[in-house]
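1. Sequence and predicted structure below; questions after.
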Amino acid sequence: MHDVYAYGVIAASTVVELESAYPEEAGYAEIRRVHRAFGGEAAGGAHVLARLGIPTKLVGSLLGTDGAADRAVELLSDAGVDCSGIAQVEGSGVTELIVSSGAERTIFATYGEMLAERAWVKPERSDVSASKVVCLDSFFGDDSEQVAEWCLQDGIPYVTVDAPPEAMVTEHATAIVVSGEYASSNFEAEPEDVLQEYASRCGGLAILTQGAGPALFRRGSGRTREMPPFDVPVVDTMGAGDSFRAGVALGILRGLDDAETVRTASAIAAMVCQTVPGVLGSPTPADLAAFLSSRGG
């Protein structure tokens, strides 16, 4: 059984860690290390929650049958994620190559092909109804909407990410996390105005993250509040957004208020930014408790 159902993007990932900044076109950079890992919002969040002791089932994108896909499933399973719903098909499946130069990263992937070919597993209602919280990626069209509908019918809270403000999954979400990157790419407005648009359409908590800047959050017509980021030495920002969304799901599971939920999510993201690659070094319950205690909470 699981407490959280994570439905969405999963990818076999190769992370190339550079010694210095990303080079100019036709330039050169020295490689520090190469990591075999996994990517995707659902996969990252599932790993974080499992490491925090939350029984989590992951379903979504089709993975391949090569060594990279096998390694991704192995890493997720080792963290305690229920991977029984992950499907592997002949070929490479959904893959990504990430070149990381510290606080910056460049992503090459097959996500466009995934969307064009609808290369994902269809959701099962039994997985949704067995959950206490759902982490729902918004990118799978009518299948994402179907999960949201089941959540509504069964009274199960769900957290989504980077959906348009007018989307059905936004309207009914218990919480939506909008990344600063998504906001800047899709809106010509100030961050607080973007957040206000989401809050006016979402029935739950709307959160706008801003990387090294404060997270903004509000409900409906309430006032906008800020949560400053934790001051930590940043090694790698990969997985910070996935970790933040996982922290919001954790806050809902624990019945935390909005400020404590956003604070917890910010703490988890900050801890992940001190590790490489991505969420593989995400905190245990003891790690998170010690971090929050050391920061006055």
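-> Received the coordinates, thanks.
2. can you tell me the helix or strand for the residue most central in space within the chain?
-> Geometric centre of the chain, nearest residue: D242, 2.2 Å, by CA atoms, centre = their mean. Element membership of D242 [criterion: DSSP states H and E] is helix 240-254.
3. go on, R36?
-> strand 31-39.
4. That strand packs against which elements?
-> Strand 31-39 sits against strand 11-18, helix 67-78, with contacts defined as 3 or more CB pairs under 8 Å, 6 or more residues apart in numbering; DSSP states H and E. C-beta here means a position set from N, CA and C on the backbone, and glycine is covered the same way.
5. what's the most buried one of the ones you listed?
-> strand 11-18 (a mean of 23; mean count of other CB atoms under 10 Å).
6. Name the surrounding residues that touch that one.
-> The contact list for strand 11-18 (CB atoms under 8 Å, 6 or more residues apart in numbering) reads 29-40, 43, 61, 63-64, 66, 68-69, 71-72, 92-101, 109-111, 236, 238, 276-278.
7. Can you select the buried ones from these in PyMOL?
-> To isolate the buried members of the contacts of strand 11-18 in PyMOL, using 16 or more other CB atoms under 10 Å:
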select buried, resi 35+36+37+38+39+40+43+61+63+64+68+69+71+72+93+94+95+96+97+98+99+100+101+109+110+111+236+238+276+277+278
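8. Tell me how far the helix holding D242 lies from the chain's centre.
-> When C-alpha coordinates are averaged (CA atoms, centre = their mean, to the nearest Å), helix 240-254 and its chain have centres 8 Å apart.
9. That helix packs against which elements?
-> Secondary-structure packing of helix 240-254 (3+ CB pairs under 8 Å, 6+ apart): helix 41-51, strand 133-137, strand 158-161, strand 175-178, strand 205-210, helix 258-272.
10. Including mean pLDDT and distance to G296, could these go into JSON lines?
-> Converted to JSON lines, the helices and strands packed on helix 240-254 look like this (pLDDT from 0 to 100; distance: least, CB to CB, whole Å):
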{"stretch": "helix 41-51", "mean pLDDT": "97", "distance to G296": "23"}
{"stretch": "strand 133-137", "mean pLDDT": "98", "distance to G296": "27"}
{"stretch": "strand 158-161", "mean pLDDT": "98", "distance to G296": "26"}
{"stretch": "strand 175-178", "mean pLDDT": "98", "distance to G296": "24"}
{"stretch": "strand 205-210", "mean pLDDT": "96", "distance to G296": "21"}
{"stretch": "helix 258-272", "mean pLDDT": "96", "distance to G296": "10"}
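11. M227 is nearest to which of the ones you listed?
-> Nearest of the helices and strands packed on helix 240-254 to M227, taken as CB to CB: helix 258-272 at 4.6 Å.
12. and the angle from the closest one to helix 41-51?
-> Counting by axes from the mean of the first three to the mean of the last three CA atoms, to 10 degrees, helix 258-272 lies at 90 degrees to helix 41-51.
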